[in-house]
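Asker: Got a predicted model here, sequence first, then my questions.
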Amino acid sequence: MVEPRLTRVLLRLGSAFTLGFLYLPLLVIGLYAFNGQVVQRWPIEEWSTRWFRVAFENDGVRTALKNSVVVGLAATAIALVLGTLASMAIARYRFFGREVVTFAVILPIALPGIITGLALQATIKDVLGPWGVTFGLGTIVVGHATFAVVVVYNNVLARLRRTAGSLDEASADLGADSWQTFRYVMFPQLRTALLAGGLLAFALSFDEIIVTIFTSGAQQTLPIWMYSTLFRPTELPIVNVVALFVILVSIVPVYIAQRLAGSGGITPTRTKQAATDV
Amino acid sequence: MTSVSIGETPPRQGAGRRLSTFLYRHPRVRLWALLGLPFLWLGLVYIGSLLVLLLSAFWTTDSFTSELIHEFTLDNFRRIIETPVYRDVAVRTISMAAAVTVACAVLAFPLAYYMARITSARTRNLLVVAVLMPLWASYLVKAYAWQVILSGQGVINWFLEPLGLTFDGRSNVGLWLVFTYLWLPYMVLPIYAGLERIPSSLLEASADLGGRSLRTFLRVTLPLVFPAVVAGSIFTFSLTLGDYIAPTLIASDQFIGTVIYREYGTALPIAAAYAMVPIAVIVGYLLVARKLKAFESL
Amino acid sequence: MKGRSDRVARWAALSLLVAALSVVAAGCGGDDDGGSSTAIEGLGSSTEEIAELARGEGEVNLVIWPNYAVLTDEFTAATGCTVNTKDGTSSDDMISLMQTGAYDGGSFSGNATVRMMATGDVAPVDTDLISNYADISEGIKGKDYNSLDGQAYGVPHGRGPNYLMFRTDELPEDTDSWAVIWEDDQLAANKGKISIYDDSIFIADAALYLKATQPDLGIEDPYQLTQEQFDAAVALLKKQAPNVGEYWPGDVVKQIGSFTNGDSTVGTTWPYQFLQLQKANVPVAAIKPKEGTTGWSDTWMVSSGAANPNCMYLWMDHMASPEAQAAVAEGFGEAPVNLKACDLTTNPNHCDDFHADDESWWEDVYYWTTPDETCKDDDDETTCVTQADWKAAWTEIRG
């Protein structure tokens, strides 16, 4: 390690501060899940677990949760397919307009959600509406898939950049056809990148609110349900309970995914990089 | 590397094999097979709808019923340019986005550096999970929690009261804190990835050549990690630029997102015209970022 | 080889652009909408048929003001229609939601109903098919905000005023005038603690104050303003803006929170927030000031493209029933329009407290409506500022 002691101590302090900053509001959410009153006062005057029962009995949140999972899975599935195809094309081929495509692909995730949402809504309402297209879970999936594709694309592209195309050629030399090459050579290399990209895409879709507001009809995903419930003073405390529930439930899958993705997961490791990048 | 059984060789004349051979011999067709579907999606669905939005900016609405009228006019753009409030709001939003980006970078860097270069592999995994977890707490709930924290009788003022200080959280300063908080993980992860990519050998070489740690940091580490910082900044900047939910909850000033949100329902052309502003800003930002090689660090 | 594939690529890119543009051009196609249809597809022609068809529909999707949908469990049990609601934040928001075509109807104020009747987004209502309609006060029926060309377009819901609310521990208890949020000295005293409704319709409240304090402007109807009157109102609002601590965008929770925590001490509000704050023992008072106030008289209307019109009709009938009227009048804090509800309210004096039967009290309550270029009068010479200009001005006022 190159860094001197003082630097390390300072870094440790800085990291602790940042982590504390990240988790303090989550702590507040957790505390308010046990707030006995309807109004969110500080300090909390009454403690109670009654909102847990109310949340459990609430039908709306169950439907919304189911919708969110369905939409997330659908959008992630589409994203995995389209994102992989696109990144394979960009990574392994040179063609006219490649620069433009690499730029355009980033747009869905770089442009603010309100722009994407507004554009999609205007199109669905004014252009597709007369042809019978209505706002529903399908339109939500379309909106989510659009930015999910970019997330998967990024992850797979980063991985493809680090794997040599020569392996595919070697596989062909040895007599494999394209499908076998994909199945036995490419896919194992991409597997963890797909997992990381898919997980991130699902997470983004699960918590997406702005594009969803513009592309949804009467159905609610979990964020839409939360948004509408946060407007209702007598039901607001349920949202804290639901949020706490989602946080706790997702700790394990995220940890497992990170371990599996591990080297080359969400982020690449040093050793693999050293060879190819710098 | 474990030995991989390639399974049975498929029959020489099988349909799959013939298709595969055809594709192999015609790389262009292969390219279009790969690119066709995503291209269609991106082009038709996404770019197409952006074009519809652009087109709506040239339409108008009935002055009474607010119905959309498909008549070409430049009035919307004229209004955006001539009325000072739109310029003020744009400047305010861009400044906020810049301030948030800087704050995020400052807060993220120590943590990312610590995770990338100081900790052991096991702690590193835990820390990555720790940074990812807040992303799973709903954006809305976090913003509402901040409403409580920033309120006149909220958490922050509760701590400041014994010191005789007050903090007006329901202001743009409070909003700046909230935005920084919300987008922080999006900045930590790319910087962490960027720092991880730097081989230790480079830093050791710099030390061997007599560079003290600050010098190494400024001359070697920082330039290498800069593209990653720019990559992270794309998110913090663009997420702040278009957000309307947090400003509505926390502050009372208008921002680009709140103006667009107010107008889009019954005055879509104005909203669409104004939406061109953040699009232009982001596209410009992306072009600069690409020059700085940030795209590889996304 | 490269030249040919370049050409192919260019041709493909061009065709994609053309495809995208044709998608756009499809949107430029003529408006085939417009013109109200008196018959909604799928609606039964008798109350029995409606009840039967409703069971087949199974749900009704509504756009409502907060807490307007009451006794939904009883309704679902009786009719088989599940109730899904979406809270609107303003009339503009509600119009926009209705235009998505995803809702069967909702509760709308005058500044939404007038526009939607004109565009045909809502359909006339056959009042014979709504049994509780007969019990609704005659004085509310056939108004310009719930009927067009003599046809009823909806079922009246209830009416109420926009209150001036203030914390009694910060402002004097005998406060009785809007001056506390308009006059210079009051603005300075309450700087940063004022809470104002964030919608262009609030310009009418400024006009209302000017009607009382600057009679030489000649303002009669705060919604129909000449350019000069409008400019005066806008100037007043721009003077107020720097002192406003919070513009609440139809988000009642935000306002309740700010009054609870003392971040706001005075402002405009709906009775709902006032009731909630009272329940939480926050020291507030809400009044109709001596200058009068703006208010709303809301109507349930059905979308002309409703997917579940039968459930919607049953819902409108349900909301006009004495039980529902009593529940929502007490829950939101408004005056019911079916006076049979007055016997059912938990507070026996509710109807008196809310002046349900006292028309003279409502004389200085100006219901929300849409500004009209013609000024809605017989004088062809004066023109008034349009709805579009009201909306444009609000963004400028907010700064």
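Answerer: Arrived safely, thanks for sending.

Asker: would you list every one of the strands in chain B?
Answerer: Using DSSP state E, the strands of chain B run over B:60-61, B:68-69.

Asker: same question, the stretch 251-399 of chain C
Answerer: Remark: strands assigned in the stretch 251-399 of chain C by DSSP state E, counting those that start in this stretch are C:266-269, C:284-287, C:293-303, C:335-336, C:365-367.

Asker: okay, the strands of chain B, which one's buried deepest?
Answerer: Highest mean neighbour count among those (mean count of other CB atoms under 10 Å in any protein chain shown): strand B:60-61, with a mean of 20. For glycine as for every other residue, the C-beta is placed from the backbone atoms N, C-alpha and C.

Asker: Give the pairing partners of that one; include direction for each.
Answerer: Strand B:60-61 sits in its sheet next to strand B:68-69 (antiparallel), going by DSSP bridges.

Asker: And the average pLDDT for the partner strand is what?
Answerer: Taken as a whole, strand B:68-69 has a mean pLDDT of 88.

Asker: For it, give me every contacting residue.
Answerer: With CB atoms under 8 Å, 6 or more residues apart in numbering or on different chains as the test, strand B:68-69 has contacts from A:Asp126, B:Ser56, B:Trp59, B:Thr60, B:Thr61, B:Asp62, B:Leu268, B:Pro269.

Asker: again, 6 Å this time
Answerer: Under the criterion CB atoms under 6 Å, 6 or more residues apart in numbering or on different chains, residues B:Thr60, B:Thr61, B:Asp62 lie in contact with strand B:68-69.

Asker: swap in stretch A:233-253?
Answerer: By CB under 6 Å, 6+ apart, stretch A:233-253 touches A:29-30, A:32-33, A:38, A:51-52, A:54-55, A:61, A:226, A:229-230, B:136-138, B:141, C:253, C:256, C:276.

Asker: Can you add distance to chain B and mean pLDDT and give the strands of the stretch 251-399 of chain C back as TSV?
Answerer: TSV is the format used below for those (distance: least, CB to the nearest CB, whole Å; pLDDT from 0 to 100):
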stretch	distance to chain B	mean pLDDT
strand C:266-269	12	96
strand C:284-287	16	95
strand C:293-303	15	95
strand C:335-336	29	94
strand C:365-367	18	95
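
Asker: Let me have these in CSV, adding mean neighbour count as columns.
Answerer: Below are these laid out as CSV (neighbours: other CB atoms under 10 Å in any protein chain shown):
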stretch, mean neighbour count
strand C:266-269, 24
strand C:284-287, 19
strand C:293-303, 26
strand C:335-336, 29
strand C:365-367, 20
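
Asker: Point out the residues in chain A that sit beside chain C.
Answerer: Within chain A, the positions near chain C by CB under 6 Å from any CB of the partner chain are A:Val39, A:Phe96, A:Asp126, A:Val127, A:Phe135, A:Gly217, A:Ala218, A:Phe231, A:Pro233.

Asker: go again using 7 Å as the cut-off
Answerer: A:39-41, A:95-97, A:125-127, A:129-130, A:134-135, A:217-218, A:228, A:230-233, A:236 (CB under 7 Å from any CB of the partner chain).

Asker: residues in contact with the residue of chain B found nearest chain C?
Answerer: Across chain B, the shortest distance to chain C (CB to the nearest CB) belongs to B:Gly265, at 2.7 Å. Counting by CB atoms under 7 Å, 6 or more residues apart in numbering or on different chains, B:Gly265 makes contact with C:Asp92, C:Asp93, C:Ile95, C:Ser96.

Asker: Nearest to chain A within the stretch 1-150 of chain B, name that residue for me.
Answerer: B:Pro110 (2.9 Å).

Asker: So that residue is in contact with A:Arg12, correct?
Answerer: No: with contact defined as CB atoms under 7 Å, B:Pro110 does not count as touching A:Arg12 (8.6 Å).
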